[in-house]
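In: Build me a structure from this.
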Amino acid sequence: MALFVPYETAQSYKQAVAQWAKQPAAPIPLCLGPRTDLQHSIELASTLYDEFSQPPVADLAIWFSDDPGALDAFQPMLSLLARQLGTIETVQTYLQTTEQSIHVLLVGTYSYLRSDKLQPLLFQAYEDPRLKITVLTGRDNYSLSWLMAKQFVQANHTKQGTHGIFTYQSYKYESQANTKQIKLYGEADFEEQNIQDLILNQVWRSVLFHGHGKDDNLNLGAYTVCGRNASIAAQVGTLHPRCGYNTQGCFKDEAKLIPLNEVMAENVIISSCNSAPLVDLMCYDPKYLLLLNAIDGPAKVITAALTVQDSSELELYRWIEALQSAEGGAAPAALFNLSLNQTQSFPAFWQFGGVPSATLHSEQFLDPQPLPLLTTMLDRAQKYLVNHFLPSTHSLRKRLETFNQKVNNDYLKRGSQSIYTQPQQQQRTKQLLSLVDSLDYALASLIIENPEDDLMNFESYASDRSRVDQSTIEPVRCSCGHEAIRFNRVGLAASIPTIEQLLCFRCGDQSIVMEDGPRLTITAPTRLEVGARVEVSCDIHVREPGRVTVGWFVPVYIREHLKTKPQLHKLKAQADSHHTVRFSIEFDEMIPAQGYYFTVFAVQNLNLSLGRQALGIEAVTPKQF
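Out: Numbers count the residues shown, from 1 in each chain. Take a look at the predicted model:
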């Protein structure tokens, strides 16, 4: 038995619907009028759908049209789709007087779906999860009757159970997606396979198209999902895409167009910008609109974008999750709008036909907040990379760039964490922190091996491009016992490191620390005889959690007299904790007696700290003059 029965005139359709609604069953009446293209869609739909099915009933239908004759004709079928007819005011009264949710069905030809009427309601539904909206529309009453009729059929999903996902991106979760029920095609597939043939010559349960585009097209590599309905005449005075003017063809290869009204899928999702704008906000004539061409085809449910939207890998991942769930998945419009909530603060998708999603909770779609310390370390890595105290050939640059890319692309990028379970997220964070530990150790090793490395120019570089923050000046006491002051030098640009400096009126620059780096307080004898061992104790005030690597060095001009080889000391610390590192420095007896200094340094979380200590070496018997 045929599922649909077409009528050519509005009057014959009106009489047939009135009779059919008393005992609804297949065949379902629709009004074709002069629309021969819809007859072709009926033939395609006969391959896709198997049987009559009474759809769930909406709480309220709102008729958006000033054509009373059309309402009379559609009224019997509308009564099977919604419990009552009402207005936007009816919706507001309901929401003000009850806590219950309401499914509102907006019905009318596309020309009546204007922003002044609908945009406030769509924003309200976006903000109030109780208000659930679906739409029945079409380019004319014939298309509208076709979409309404399709609400009363269903497909045999055991026979036609494949969900297709076509994305312009190089999707990296293919092993998770590609199953018997879900087939995912990405950028590489568009070059290797005939995607046009694959899409048009297969029956799908759902198809998601994800790519750049506008009102009339969606790009999939060399292929183009097309909204043009060749059998429809364009309106007078409207803007056309290139193909709509006699002297111009399509902006892409016409042999690789994928007409949306030829796609045999029950559920079509058009994830590109402006694939379903409100009528007064559209760019091109309705003849070319993706949404309207999808409605003209076999699809029963269409999800499309009201405006610009930023759907990405994350939305594809969540759609795959929904398809794999035991419940069969949420409706994509609600799913994508909630998923995009942290990126854009407006409704991007809306749904045509079908039933609304069960209530989803925004907490399910929150991207995990990145560890603040990791973002701080990223800032520090970038300061090393953009400033010129590290030359382009410096051995650290490649490692810093790797860290920069990993944090940006594998951690901070939207969706890069959400696709993992919480234990997996914690493990990935741990791996990045281990990478920082490795970088810290590499910095410390460079310093201890060559204290004159370009890395050590950070202090003079930053000081020349910063100013003292007068509010940070405070009197302190140097470890030598004399008065000192501590203050911050704040960079004149965000890329310049802020330096905390402790200046002693006796020792000079006693301490130079990158902002929030460990503070070093050195205790050691300031005078001793030639040949005596210098016993050093360094208190380390650690202000951030993480491993600290500590070392020391002496000036180059006495390094030849050094008998003790500098060593690195590693410790694990909590925030705001104190630790002590002890070591000895011993010179040979040939070192000239005079005043010197030595430097203790610490590296933590890509921060450098330097502490200088005065050291006087005396001869056993001073020369007499």
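In: how much distance is there from stretch 473-483 to the middle of the chain?
Out: In terms of CA atoms, centre = their mean, to the nearest Å, the centre of stretch 473-483 is found 49 Å from the chain centre.
In: Can you list the buried residues in that stretch?
Out: For stretch 473-483, a neighbour-count test (16 or more other CB atoms under 10 Å) marks Cys478, Ser479, Cys480 as buried. C-betas here are computed from N, CA, C, even on glycine.
In: Same check on stretch 295-302?
Out: Buried, per 16+ other CB under 10 Å, within stretch 295-302: Ile295, Asp296, Gly297, Pro298, Ala299, Lys300, Val301, Ile302.
In: Then stretch 336-355?
Out: 336-341, 343, 346-355.
In: now do the same end-to-end measure for that stretch.
Out: End-to-end distance for stretch 336-355: 16 Å, by CA to CA, to the nearest Å.
In: chain center to that stretch, what's the gap?
Out: Using CA atoms, centre = their mean, the offset of stretch 336-355 from its chain centre is 15 Å.
In: pLDDT on it, on average?
Out: The average pLDDT within stretch 336-355 is 92.
In: try stretch 539-558
Out: If you average the pLDDT values across stretch 539-558, you get 95.
In: Can you mark which positions in it are buried?
Out: 539-544, 546-554, 558.
In: any idea how far Met264 is from Gly227?
Out: Using CB to CB, to the nearest Å, Met264 is found at 17 Å from Gly227.
In: neighbour count winner among the two?
Out: Between Met264 and Gly227, counted using other CB atoms under 10 Å, Gly227 has the larger neighbour count: 28 against 23.
In: contacting residues for that one?
Out: For Gly227, the contact set (CB atoms under 8 Å, 6 or more residues apart in numbering) comprises Asp215, Asp216, Asn217, Leu260, Ser275, Tyr288, Leu289, Leu290, Leu291, Leu292, Asn293.
In: try Asn404
Out: Asn404 touches Leu378, Ala381, Gln382, Leu385, counting by CB under 8 Å, 6+ apart.
In: nearest residue to the third one other than its sequence neighbours?
Out: The one in question is Gln382. Asn404 (6.3 Å; CB to CB, 6 or more residues apart in numbering).
In: low-scoring stretches of the stretch 301-450 of the chain, by residue?
Out: 326-329, 362-363 (pLDDT under 70).
In: got it, and the chain?
Out: Judged by pLDDT under 70, the chain has its weakly predicted residues at 157-160, 171-178, 326-329, 362-363, 621-625.
In: I'd like the distance from the one helix or strand the residue nearest to Gln382 maps to to the chain centre, please.
Out: Using DSSP states H and E, Asn404 falls within helix 395-407. Using CA atoms, centre = their mean, the mean C-alpha position of helix 395-407 is found 22 Å from that of the whole chain.
In: following it, which helix or strand comes up?
Out: helix 422-449.
In: Which strands and helices lie in contact with that next one?
Out: Applying 3 or more CB pairs under 8 Å, 6 or more residues apart in numbering; DSSP states H and E, we find helix 422-449 packed against helix 372-386, helix 395-407, strand 546-553, strand 594-604.
In: Next, the angle from it to strand 594-604.
Out: 160 degrees (axes from the mean of the first three to the mean of the last three CA atoms, to 10 degrees).
In: one step back: of all the helices and strands packed on helix 422-449, which one is nearest Leu30?
Out: Ranking the helices and strands packed on helix 422-449 by proximity to Leu30 (CB to CB) places helix 395-407 first, at 55.3 Å.
In: how about the closest one as PDB, C-alpha atoms only?
Out: Extracted in PDB, the C-alpha atoms of helix 395-407 (Å, rounded to 0.1, in the frame of the first residue of the first chain):
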ATOM      1  CA  SER A 395      68.200  24.600  22.100                       C
ATOM      2  CA  LEU A 396      65.200  25.300  24.400                       C
ATOM      3  CA  ARG A 397      63.000  26.800  21.700                       C
ATOM      4  CA  LYS A 398      61.900  23.600  20.100                       C
ATOM      5  CA  ARG A 399      60.900  22.100  23.400                       C
ATOM      6  CA  LEU A 400      59.100  25.300  24.500                       C
ATOM      7  CA  GLU A 401      57.200  25.300  21.100                       C
ATOM      8  CA  THR A 402      56.200  21.700  21.600                       C
ATOM      9  CA  PHE A 403      54.800  22.500  25.000                       C
ATOM     10  CA  ASN A 404      53.100  25.600  23.700                       C
ATOM     11  CA  GLN A 405      51.400  23.500  20.900                       C
ATOM     12  CA  LYS A 406      50.400  20.700  23.200                       C
ATOM     13  CA  VAL A 407      48.700  22.900  25.800                       C
END
